[in-house]
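Undergrad: only geometry, no sequence info:
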């Protein structure tokens with residue numbers, strides 16, 4: 001039973017979402033289309049952006065699907081999309097410094113171990129280079145990140161409990177389709193926005209789940 005994985009098929013946990021087969025099923029956190037939501041949020045907060053870098057750890061198996069979504073949506077948001085691989089602190093520093101050299105640039109940080117492991121460095125570099133960044137996890141915004149749009153983790157685990165109950169009552173895991181997150185949270189740090197010279201629109205703030213001041 002899994003409850004917070006990005007792509008159970010790509011990871012080899014199940015043979016398909018609809019019919020997992022075997023002895024495992026569960027709940028996945030992100031579908032690739034969420035990448036478009038990240039891009040939309042970035043443009044709403046920083047509308048002058050014309051260059052967006054998707055920064056990611058290549059270990060994440062969903063990255064190619066995220067990139068396809070971003071590239072398809074790029075023209076609708078009047079931006080160009082590029083990708084930047086980071087595996088360690090040195091690559092994170094080099095990537096953010098390079099992005100900052102081009103005007104009207106912003107970042108989308110993909111879920112990944114490298115960025116999470118070096119979160120403090122990432123936030124320091126984003127602030128120093130005055131780069132607007134959208135993150136997948138609210139915890140990063142509470143620590144000083146600009147904004148996040150991501151899964152409500154506790155809700156996903158509560159839903160997973162229903163599968164545990166059904167399995168304990170005799171249903172086969174392989175017959176239970178994999179389900180995806182349905183509840184997402186939008187968080188914005190106004191202090192960070194102000195430091196970057198950004199003024200999030202009132203309409204965006206009105207539908208924000210948490211505004212950090």
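TA: Nice, I can see it. Values in this document were obtained by computation on a predicted structure and should not be read as measured data. Numbering: from 1, shown residues only.
Undergrad: just the strands in the protein please.
TA: Under the criterion DSSP state E, the chain contains strands at 2-5, 26-28, 51-56, 80-85, 105-109, 133-135, 147-151, 179-180, 184-189, 210-212.
Undergrad: Dump those to CSV, plus distance to residue 34, mean pLDDT and mean neighbour count.
TA: (Glycine included, C-beta is placed from N, CA and C.) Below are these laid out as CSV (distance: least, CB to CB, whole Å; pLDDT from 0 to 100; neighbours: other CB atoms under 10 Å):
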stretch, distance to residue 34, mean pLDDT, mean neighbour count
strand 2-5, 14, 84, 17
strand 26-28, 11, 90, 23
strand 51-56, 12, 98, 22
strand 80-85, 15, 97, 16
strand 105-109, 10, 98, 25
strand 133-135, 11, 98, 29
strand 147-151, 7, 95, 25
strand 179-180, 10, 90, 14
strand 184-189, 8, 97, 21
strand 210-212, 18, 96, 16
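Undergrad: Out of those strands, which gets nearest to residue 169?
TA: Residue 169 sits nearest to strand 26-28 of all the strands of the chain, at 16.6 Å, using CB to CB.
Undergrad: Might you report the residue contacts of the residue nearest the centre of the chain?
TA: The residue lying closest to the centre of the chain (CA atoms, centre = their mean) is residue 136, at 2.9 Å. Taking CB atoms under 8 Å, 6 or more residues apart in numbering, we find residue 136 in contact with 30, 34, 38, 109-111, 148-151.
Undergrad: would you list the strands of the chain in CSV and tack on distance to residue 163?
TA: Formatted as CSV, the strands of the chain follow (distance: least, CB to CB, whole Å):
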stretch, distance to residue 163
strand 2-5, 9
strand 26-28, 7
strand 51-56, 30
strand 80-85, 35
strand 105-109, 30
strand 133-135, 28
strand 147-151, 17
strand 179-180, 8
strand 184-189, 20
strand 210-212, 28
